[in-house]
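Participant: sharing a model that was predicted from the sequence below.
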Amino acid sequence: MTDATSRPQLVFYEEAAPRLTWPDAVQAIRQGHALAPAEIRDSFLGPPEGTMMSRSAYIPGLGYGAKCFTVLDANAARGLPTVQGAMLVFAPDTGSLQAIIDSRLVTEFKTAADSVLGASLLARPDSRRLLVVGAGTVAESLVRAYTAALPGIDEVTLWARRPEQAQALVARLADVPARLAVAQDLPGALARADIVSSATMARQPVILGRHVRPGTHVDLIGAYKADMREADDDLIRRGALFVDSRATTIGHIGELAIPMAAGVIAPDHVLGDLYDLVRPDARRRTSPDEITIYKNGGGAHLDLMIAAHIARIMASA
């Protein structure tokens, strides 16, 4: 780490990613939740087609962080990234700027490590079969994170609306230490999975409760807006529901807000978040047949936990 008189580290994706490991990233988020609860704030500026978001957090003992990034969908046609930004990390004691980190690096490791931590606390210990729904950038990091941090997983199946996209992802994952396959039939794949991790842009449910077998752990990532859902009412009602953060999920995202507005569930249907789950006396899975559901909603505090970890790794390199 830098001191108050040093220049901050500049951390770029290509330089840092090879030095990071998924088990360490998962552990960084777990350790961050053993600290005092975070203060978080979000702000959004600009029109829908060109928005700048700023997500900030303060965690006593860990420091201050702010991730600022722009989202411009039209950039895809220009050959440019649709999301661009940086994460600032400030020291907890002096407030000095310690690091400026590529936001892509922080988001990638935060998102997948968040989900894998949830699964490590809620999935059956004998889970072997992982189904990833979706075949985009997040799906790739999920496969890598799950197989690295949960070594019991030896079979990974991918499903996407466009099978050729899933096939292309399998080709990119040839170095993953697990058997890889593409599912043509989503209901059949759901019926075999021990862990389901869904990272889609769906606005209507794609994970239906009637297809999910007892004992499955369901990890929901993709629905991050108020009008988006990946799981149907049946699954949300039946499962033991947990979230990464009550503050960033309840009342904010469609996965919970839509069934709550319809009276399918109430806020107390959420049994805990990561601050609860990391405690030794936490309510977790209660039986091998229980369906557990984990909503990964993200949040600036998770960005800070990962960014502080990245800054430490790069400072010691």
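Facilitator: Received it, and whenever you're ready, just let me know what you need.
Participant: how many neighbours does the closest residue in space to Arg203 that isn't next to it in sequence have?
Facilitator: Nearest residue to Arg203, sequence neighbours excluded (Cβ to Cβ, 6 or more residues apart in numbering): Met228, at 5.2 Å. In this view, the C-beta of every residue, glycine as well, is placed from N, C-alpha and C. Residues contacting Met228 under the criterion other Cβ atoms under 10 Å number 18.
Participant: now the phi/psi pair for Met228, please.
Facilitator: Torsion angles at Met228 (phi, psi; degrees, to the nearest 10) stand at phi -110, psi 140.
Participant: shouldn't it be in contact with Glu255?
Facilitator: Yes. Counting by Cβ atoms under 8 Å, Glu255 is a contact partner of Met228 at 7.2 Å.
Participant: Glu290 touches Ala240, doesn't it?
Facilitator: Yes. Counting by Cβ under 8 Å, Glu290 touches Ala240, with 5.5 Å between them.
Participant: pLDDT weak spots in the protein?
Facilitator: Along the chain, segments meeting pLDDT under 70 span 1-5.
Participant: show me what secondary structure element comes after whichever helix in it runs longest.
Facilitator: Looking across the chain with DSSP state H, the single longest helix is helix 103-122. Later in the chain than helix 103-122, the nearest helix or strand by DSSP states H and E is strand 129-133.
Participant: can you give me the angle that next one makes with helix 103-122?
Facilitator: Between strand 129-133 and helix 103-122, the angle comes out at 140 degrees (axes from the mean of the first three to the mean of the last three Cα atoms, to 10 degrees).
Participant: could you point out which element follows strand 129-133?
Facilitator: That would be, after strand 129-133 and using DSSP H and E, helix 137-149.
Participant: who has more neighbours, Glu290 and Ala240?
Facilitator: When Glu290 and Ala240 are compared for neighbours, Ala240 comes out ahead with 20 against 17, by other Cβ under 10 Å.
Participant: now the more buried one: closest residue in space that isn't a chain neighbour?
Facilitator: Thr292 (5.0 Å).
Participant: tally of neighbours for that neighbour?
Facilitator: 24.
Participant: please name the bridge partners of it.
Facilitator: Taking DSSP bridges, one obtains His217, Ala240 as the residues bridged to Thr292.
Participant: which residues touch it?
Facilitator: 122-123, 216-218, 239-240, 242, 284-285 (Cβ atoms under 8 Å, 6 or more residues apart in numbering).
Participant: try 7 Å this time
Facilitator: 122-123, 217, 239-240, 242, 285 (Cβ atoms under 7 Å, 6 or more residues apart in numbering).
Participant: relative to Asp93, how far out is Val218?
Facilitator: 41 Å (Cβ to Cβ, to the nearest Å).
Participant: out of those two, which sits in the more crowded spot?
Facilitator: Higher neighbour count among Val218 and Asp93: Val218, with 29 against 9, using other Cβ under 10 Å.
Participant: was I right to think that one contacts Ser197?
Facilitator: No. Between Val218 and Ser197 there is no contact, the gap being 8.2 Å when judged by Cβ atoms under 7 Å.
Participant: backbone torsions only: list them for the closest residue to Glu140 other than its chain neighbours.
Facilitator: Residue nearest to Glu140 in three dimensions, not counting chain neighbours: Leu169, with 6.0 Å by Cβ to Cβ, 6+ apart. Note on Leu169: backbone dihedrals following degrees, to the nearest 10 are phi -70, psi -40.
Participant: can you map out the helices along the stretch 151-300 of the chain?
Facilitator: 163-172, 186-192, 233-238, 246-249, 254-261, 274-277, 300-315 (DSSP state H, counting those that start in this stretch).
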